[in-house]
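Novice: coords below, sequence missing:
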């Protein structure tokens, strides 16, 4: 089955991009939507590879023209997914992965209820902080205020995890990639190949791994 839209969200610094790249290596027929953004490129990022980098004026023109499936302002910059990405995946008979923040994800869920939503969370605030610091150091822009803001925002984003169909903990890359692969196969109807891993990632089941990770952020299923 082709044409499934997978929404992938995670707090900034959760290792989402690395995980998505690994899943695309493991599973055929997955197309990745490159988002538009008004922020400046970081490190070795290139236009058309990590993002389509554009001006605020051009982004706002696209919004006014109705060219976005979703868009949001995050940390003072615009981010958005062009409707053209979804059309291209459908015409190519591929499933589409959307790597978008919680604001954008909720927009898409409302607009396209059949989309499959997956939330990725780090195993603890300490691990998240370490990843944020490592990424900031690699980009040569470590700022305590930015790290503190993103850690605080992560706790707020975790409160929305119950709106997602699936959730998984990105502690060990191979394990997390295997779980996401299982989710993709399950949604495609390949139940035998998917096995039981996808079922353990359903948010309604609140697996022990997921519950333990949430607890480190002071979030509990009954509060969501």
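Specialist: Noted; the coordinates are in hand. On a predicted model such as this, the values are computed, not experimentally measured, just so you know.

Novice: next, count neighbours for the nearest residue to residue 40 once chain neighbours are set aside.
Specialist: Spatial nearest neighbour of residue 40, excluding adjacent residues (CB to CB, 6 or more residues apart in numbering): residue 53 at 7.4 Å. (C-beta placed from N, C-alpha, C; glycine too.) Per other CB atoms under 10 Å, the neighbour tally for residue 53 reads 15.

Novice: my guess is residue 53 meets residue 35, correct?
Specialist: No. Counting by CB atoms under 8 Å, residue 35 is not a contact partner of residue 53; they are 10.2 Å apart.

Novice: the helices in this protein, which residues?
Specialist: Taking DSSP state H as the test, the helices found in the chain are 16-26, 56-64, 83-91, 102-111, 125-138, 144-158, 173-187, 191-194, 197-200, 208-216.

Novice: tell me which of those sits nearest to residue 46.
Specialist: Each of the helices of the chain was scored for nearness to residue 46 using CB to CB, and the closest is helix 16-26 (13.9 Å).

Novice: pLDDT on that closest one, on average?
Specialist: On average, the pLDDT along helix 16-26 is 93.

Novice: same question for stretch 186-206.
Specialist: Rounded mean pLDDT across stretch 186-206 is 92.

Novice: for that stretch, buried residues please.
Specialist: 186, 187, 188, 194, 197, 198, 200, 201, 202, 203, 206 (16 or more other CB atoms under 10 Å).

Novice: pull the most distant pair out of those residues.
Specialist: 188 and 206 (24.6 Å).

Novice: which stretches of this protein have low pLDDT?
Specialist: 1-2, 136-142 (pLDDT under 70).
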